[in-house]
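Engineer: Here is the input, now give the coordinates:
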Amino acid sequence: MIDVLIVEDEMPSARKLKAMLEKVAPDFNIVTILDSVNDTCDFLSQNTVELIFLDIHLADGNSFQIFEQQNINTPIIFTTAFDQYAIQAFEQNSIGYLLKPINHEKLIMAIDKFRATLDDKNNGNIDYNLLGQMIAKQQKQPEYRERFMIHYRGKIKTVSINHVAYIYAENRGVFLCTFEGRIYDINQTLEQLSDELNPRNFFRANRKFIISISSINEAHLYSKSKLKLELNPPTNSEVIISSEKASKFKKWLAK
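Structural biologist: Below you'll find the model as predicted:
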């Protein structure tokens, strides 16, 4: 059996990858699943594995921080949503990588590449710190939305992102609620907005709500490890954080 570590901060993605590996590589033994830089460093300081599937963005930082703390020669297959420019850095360094969402055939190809290089130890010659620097240079700083243009009573007005308490979907529409309690209809989906809002300030709570960190009054323990949020202004429907997202939500609050 080949001992494998999965490092992924989105548990649904981690479970999906684990299920795919169980089908295409039955000789892989998934030792554990970790979601942070700190937990991965702690684990690798006391344990060894033969292959690591490593997400780039983790719950507490960039996965390349791991290599600043640990000397790792283990073969790594990165899982990433990076664009083609950053992918070139992987290819130049002969790194295994999988673009999200992970494709079944691409996964098999990455595993085949891993098996083919088991004996030559090429991965030990890779400078992961340099790779991280290359990718950081190639990635453009994201430009997040600063304001909304609102059509209101026959006029056009702007609402600063600093005034947005939360955005929610209801009755096939999407609405913005300000801290003053004013509600405006906006012509975008929550999926589109998730990419446009600064993740340090906004969190996708569930399928219906994106919330500002400044809108949170309290978070209560709910059934089966879920959380129930009390927002300001109050919402007409409950805002529930699933048990799968609860850990990520708490880490987001603590940043």
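
Engineer: and the closest residue to residue 149 other than its chain neighbours, what does it touch?
Structural biologist: What sits nearest to residue 149 in space, not counting adjacent residues and going by Cβ to Cβ, 6 or more residues apart in numbering, is residue 158, at 5.8 Å. C-beta: built from backbone N, CA, C; applies to glycine. For residue 158, the contacting residues are 147-150, by Cβ atoms under 8 Å, 6 or more residues apart in numbering.

Engineer: what packs against whichever strand or helix holds residue 97?
Structural biologist: Secondary structure assignment for residue 97, by DSSP states H and E: strand 96-99. Applying 3 or more Cβ pairs under 8 Å, 6 or more residues apart in numbering; DSSP states H and E, we find strand 96-99 packed against strand 76-80, helix 84-92, helix 104-116.

Engineer: ok, now with 10 Å
Structural biologist: Where contact means 3 or more Cβ pairs under 10 Å, 6 or more residues apart in numbering; DSSP states H and E, strand 96-99 is packed against strand 51-55, strand 76-80, helix 84-92, helix 104-116.

Engineer: rewinding a little: strands paired with the one helix or strand the residue nearest to residue 149 maps to, and their directions?
Structural biologist: Element membership for residue 158, per DSSP H and E: strand 155-160. Sheet pairing of strand 155-160 (DSSP bridges) gives strand 147-152 (antiparallel).

Engineer: How about residues contacting the strand it pairs with?
Structural biologist: Strand 147-152 is contacted from outside by 156-164, 167, 176, 178, 182, 184-188, 193, 196, using Cβ atoms under 10 Å, 6 or more residues apart in numbering.

Engineer: Then stretch 217-228?
Structural biologist: 205, 229-234, 238-247, 249-250, 253.

Engineer: quick one: contacts of the helix or strand harbouring residue 245?
Structural biologist: Under the criterion DSSP H and E, the helix or strand holding residue 245 is helix 243-254. Identification of contacts with helix 243-254 by Cβ under 10 Å, 6+ apart yields 9-12, 15, 35-36, 58-60, 199-206, 211, 213, 216, 219, 221-227, 229, 240-242.

Engineer: Of the contacts of residue 158 - the most surrounded one?
Structural biologist: When neighbours are counted by other Cβ atoms under 10 Å, residue 148 leads the contacts of residue 158 with 20 neighbours.

Engineer: pLDDT value on that residue, please?
Structural biologist: Per-residue confidence (pLDDT) for residue 148: 94.

Engineer: thinking again about what came up before, buried only: go through the contacts of strand 147-152 for me.
Structural biologist: 159, 161, 163-164, 167, 176, 178, 184, 186, 193 (16 or more other Cβ atoms under 10 Å).

Engineer: so how far is stretch 50-64 from its chain's centroid?
Structural biologist: Remark: stretch 50-64 is offset 10 Å from the chain centroid, using Cα atoms, centre = their mean, to the nearest Å.
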